[in-house]
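1. Have a look at this prediction, sequence included:
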Amino acid sequence: MSKARFLLTPSAVIVLTLGICSFANAQATRTWVSGVGDDANPCSRTAPCKTFAGAISKTAAAGEISALDPAGFGTVTITKSMTINGDGTLAGILSAGTNGVNVNDSSSGSPGSIIVYLKSLSINGAGTGINGINFTSGKQVYVENCSIVGVTQNAINVSLSLSGKHIFVKNTSIRNVGLAGISLSTTTGFVAGVFDRVSLEGLPTGISVGNNAFISVRDSSISLNTTGVNVVGSGGATASIENCLLNNDVTAINVGSTNILNLSSSTLESNGTAVASTAPANNLRSTGNNRFLGNTNDGPALTVTLQK
């Protein structure tokens with residue numbers, strides 16, 4: 001009876017070894033970080049990494065990094081679709097002297113294509129941080145249940161050279177920044193922002209609506225700022241504000257000569273100037289249900305557009 005023999009040649013050994021190593025280093029769809037983790041770990045649930053930067057290289061595109069316990073997990077640059085989730089704990093980023101989170105896929109094969117979710121993060125610039133979140137290339141960024149304080153420039157900075165991109169901010173608090181709570185602009189096409197239940201307090205500018213930017217603000221508080229919403233960008237930059245409170249600002253809303261304001265169901269009270277504008281009257285649109293109370297100067301009359 002003949003017996004088959006299998007010989008393992010040197011080349012086969014190399015291929016097998018490389019295959020095993022590749023499997024061992026495969027990126028996971030879900031990874032974990034912990035204050036007592038180690039970035040040399042595989043970032044699994046039982047062997048977590050220590051920082052977001054350490055975990056991101058071991059997380060597959062469109063995957064999720066979750067935090068196991070309260071800790072500071074360091075600044076991070078995101079170049080692929082990704083969720084960073086601090087739900088259920090205090091997931092902190094101390095960003096002294098730098099940006100907290102960079103979103104930038106400009107060096108990828110498909111610039112302007114990634115989608116990033118940032119959930120339940122506390123970003124603290126400690127008085128020297130630059131931008132809390134710096135979005136310079138990608139498709140969409142979602143910021144939910146976050147707190148951003150102590151940066152010298154913008155809490156959320158959207159500065160693009162691409163068209164048709166979006167930023168969504170929900171249930172987020174912004175305080176103590178050097179320039180604006182949220183700043184949007186793009187050099188081409190348009191960028192859109194949707195802000196829901198956002199608190200912007202004690203800032204030089206709450207929201208800066210820059211070149212080619214279009215924003216919608218709902219159910220938000222914009223208080224004690226030098227300028228609450230500043231709409232001055234080129235390209236017909238527009239702010240639509242609904243059911244918001246703007247109070248105790250030096251100027252609640254400022255609208256440049258080529259810009260548009262849509263205002264509905266909002267209260268502007270106890271401001272120095274409620275609406276300052278050099279735009280024509282038909283660019284200042286109201287649904288006729290806003291409340292102006294106790295402002296030193298209410299500003300120009302708004303053009304009432306009847307609800308349909």
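-> Nice, I can see it.

2. Burial check on Ile260, number of neighbours?
-> 20 (other Cβ atoms under 10 Å). The way it works is simple: take the backbone N, C-alpha and C, and place the C-beta from them, glycine included.

3. isn't Asp196 right up against Lys170?
-> Yes. The pair Asp196 / Lys170 is scored as a contact, 4.6 Å apart, by Cβ atoms under 8 Å.

4. higher neighbour count, these two?
-> For Asp196 and Lys170, the more surrounded residue by other Cβ under 10 Å is Lys170, and the numbers stand at 18 against 15.

5. which residues touch the more buried one?
-> 142-145, 195-198 (Cβ atoms under 8 Å, 6 or more residues apart in numbering).

6. Of these, which belong to strands?
-> 142-144, 195-198 (DSSP state E).

7. List only those of those flagged as buried.
-> 142-144, 195, 197-198 (16 or more other Cβ atoms under 10 Å).

8. out of the residues you listed, who's nearest Gln27?
-> Set against Gln27, the nearest of these by Cβ to Cβ is Tyr142 (21.7 Å).

9. which residues does the closest one bridge with?
-> Tyr117, Phe168 (DSSP bridges).

10. is it true that it touches Val116?
-> Yes. Counting by Cβ under 8 Å, Val116 is a contact partner of Tyr142 at 7.1 Å.

11. Find the residue closest to the residue nearest to the spatial centre of the chain in space, skipping its chain neighbours.
-> Residue closest to the mean C-alpha point of the chain, counted by Cα atoms, centre = their mean, is Val143 at 4.8 Å. Distance criterion Cβ to Cβ, 6 or more residues apart in numbering; nearest residue to Val143, sequence neighbours excluded, is Val169 at 4.6 Å.

12. try Gly63
-> Thr29 (4.5 Å).

13. in the chain, which spans are helices?
-> For the chain, helices defined by DSSP state H occupy the ranges 10-24, 52-56.
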